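Chemist: give me coordinates for this.
(2 chains)
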Amino acid sequence: DTGVSQDPRHKITKRGQNVTFRCDPISEHNRLYWYRQTLGQGPEFLTYFQNEAQLEKSRLLSDRFSAERPKGSFSTLEIQRTEQGDSAMYLCASRRTLEAFFGQGTRLTVV
Amino acid sequence: KQEVTQIPAALSVPEGENLVLNCSFTDSAIYNLQWFRQDPGKGLTSLLLIQSSQREQTSGRLNASLDKSSGRSTLYIAASQPGDSATYLCAVNEGGSEKLVFGKGTKLTVNP
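Modeler: Reported below is the predicted structural model:
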């Protein structure tokens, strides 16, 4: 597989529950990004990792959100105590040079 | 704060027509600009990347231009096909930041 892989593709959860998403970047891509996209909008930056270090975070990333990238390979994004406003597509991207490559996204629906 | 605007928001054309999608950005201090395609409910597919020192890039029927000083980019699609129907997103990578700032996209429909 030569693309960015995200799991799960879809997640429906009840308000207040915790959810975790996984992203597997393209092999040897040291930079990994998380974005959030709501209907009719462009993706918005959430956070960035270079290898295992989280180097940049958006103010959109509230205290309920946490991201990790242990060992500089795959990454996880956890949302605690989900709210209806968290419903969105969560996109992961990776790159080694200038061009960013995106995964298919995880569609989160909070009911 | 960098803002990216894409005009028009939606465009419908007959098959075979050549078309231009527009993207403008407010801060010209960009590192590069990237055009993406997004099909409904899917992720983003990279189409073209233009570095700040470049004027244009071409891939098949696609040609993207960049005028950094005026804060504009265009994506030209030649001989459009129904399979080109999708939302096209423009994003800029600011100098000094790793993040991409996206426009809201142009939804293109190519009618057979």
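Chemist: switch to C-alpha atoms for all contacts and neighbour counts from now on
Modeler: Fine.
Chemist: how much space between the closest residue in space to residue B:84 that isn't next to it in sequence and residue B:60?
Modeler: Excluding its sequence neighbours, the residue lying closest to residue B:84 (CA to CA, 6 or more residues apart in numbering or on different chains) is residue B:110, at 6.7 Å. Relative to residue B:60, residue B:110 is positioned 18 Å away (CA to CA, to the nearest Å).
Chemist: who's more crowded, the two?
Modeler: Taking other CA atoms under 10 Å in any protein chain shown, residue B:110 and residue B:60 do not tie; residue B:110 has more neighbours (18 against 7).
Chemist: who are the packing partners of the strand or helix carrying that one?
Modeler: Under the criterion DSSP states H and E, the helix or strand holding residue B:110 is strand B:106-111. Taking 3 or more CA pairs under 8 Å, 6 or more residues apart in numbering or on different chains; DSSP states H and E as contact, the helices and strands that strand B:106-111 lies on are strand B:10-14, strand B:86-94.
Chemist: select, out of those, the one closest to chain A.
Modeler: Put simply, out of the helices and strands packed on strand B:106-111 the one that sits nearest chain A is strand B:86-94, at 7.2 Å, with distance taken as CA to the nearest CA.
Chemist: do that closest one and chain A meet?
Modeler: Yes - for a cut-off given as CA under 8 Å from any CA of the partner chain, strand B:86-94 has contacts with chain A, namely residue B:89.
Chemist: strands of the chain, residue ranges please.
Modeler: Assuming you mean chain A. Across chain A, reading from the start of the chain, the strands by DSSP state E fall at A:5-7, A:10-13, A:19-24, A:31-37, A:44-50, A:53-57, A:65-68, A:75-79, A:88-95, A:101-102, A:106-110.
Chemist: that's the wrong chain, I wanted chain B
Modeler: Read by DSSP E, chain B holds these strands, from start to end of the chain: B:4-7, B:10-14, B:19-25, B:30-38, B:44-51, B:56-59, B:62-67, B:72-77, B:86-94, B:100-102, B:106-111.
Chemist: and the residue of chain A nearest chain B?
Modeler: Evaluated by CA to the nearest CA, chain A has residue A:104 as its residue closest to chain B, separated by 3.9 Å.
Chemist: and the angle from the lowest-mean-pLDDT helix or strand in chain A to strand A:44-50?
Modeler: Confidence across the helices and strands of chain A bottoms out at strand A:53-57, with a mean of 93, counting by mean pLDDT, DSSP states H and E. Taking axes from the mean of the first three to the mean of the last three CA atoms, to 10 degrees, strand A:53-57 and strand A:44-50 form an angle of 160 degrees between their directions.
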